[in-house]
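Student: Predicted structure and sequence below. I'll ask about it afterward.
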Amino acid sequence: MGRSDAGLSRWRLLLILLVIGAALAGGYAWWQRQAQLSEGEALFRGEQAMNASLAGQSMGLPVVATRCSNCHEARQPVPLSDQAASAVSARTYASPLSAMWLQQARLRHGGPETVYDARSLCQLLRTGVDPAMIMVSTVMPRYQATEAQCAALWTYLTSR
């Protein structure tokens, strides 16, 4: 094998290693996203606990009372008294959460437009203040959500 053949073989080997590295990196990113989706869904459904209390209260709430799906799930039964109130309350107690609902600009209570991103969702979970600086109902728990929990919940909600 000549010198040029050896150099060409090294380049081929390097190219093969780069392709394998890229495939592994892509596989890891896919795996990481799947893990975040699973964790986010578990948080949303209350299968994984997120510590929370009501606004102004110090006593922690049980997991069954802090599941996002309690109020934001579109497939739950609605009390008869709520069915006539509005199109949203006919499906859920609070707005059904999805990528479109979170990321589409809309007016709330006559205030400025509200559009969420991962950071503002986390702020809302922790403080009850939305991106338009409007306080949500005190019925919504205030969570002691970690950055990882916020990221997982955002990943899940924006995949719906």
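Tutor: That came in fine, so what should we check first?

Student: Distance check, the closest residue to Val136 other than its chain neighbours against Met140.
Tutor: Spatial nearest neighbour of Val136, excluding adjacent residues (CB to CB, 6 or more residues apart in numbering): Gly128 at 5.1 Å. In this view, the C-beta of every residue, glycine as well, is placed from N, C-alpha and C. Gly128 sits at a distance of 6 Å from Met140 (criterion: CB to CB, to the nearest Å).

Student: likewise Arg33?
Tutor: Arg33 is 27 Å from Met140, by CB to CB.

Student: element containing Ala25, please.
Tutor: helix 3-45 (DSSP states H and E).

Student: and that helix, average pLDDT?
Tutor: Taken as a whole, helix 3-45 has an average pLDDT of 84.

Student: Which parts of the chain are strands?
Tutor: 52-53, 106-107, 113-114, 142-143 (DSSP state E).

Student: and the second one, which strands flank it?
Tutor: When pairs are called by DSSP bridges, strand 106-107 turns out to pair with strand 113-114 (antiparallel).

Student: List of residues touching the strand it pairs with?
Tutor: Residues from elsewhere that reach strand 113-114 (CB atoms under 8 Å, 6 or more residues apart in numbering): 105-108, 130-132, 134.

Student: buried subset of these?
Tutor: 130-131 (16 or more other CB atoms under 10 Å).

Student: So which of the contacts of strand 113-114 is the closest to Gly27?
Tutor: Pro131 (34.6 Å; CB to CB).

Student: Dihedrals phi and psi, that closest one?
Tutor: phi -60, psi -20 (degrees, to the nearest 10).

Student: Least confident secondary structure element in the chain?
Tutor: Across the helices and strands of the chain, mean pLDDT, DSSP states H and E gives its lowest value to helix 80-83, namely a mean of 47.

Student: Please determine how far Thr114 is located from Ser159.
Tutor: 20 Å.

Student: likewise Ser120?
Tutor: Distance, Ser120 to Ser159, by CB to CB: 18 Å.

Student: now swap in Leu18 and tell me
Tutor: When distance is defined by CB to CB, Leu18 is 30 Å away from Ser159.

Student: do Met59 as well
Tutor: Met59 is 33 Å from Ser159, by CB to CB.
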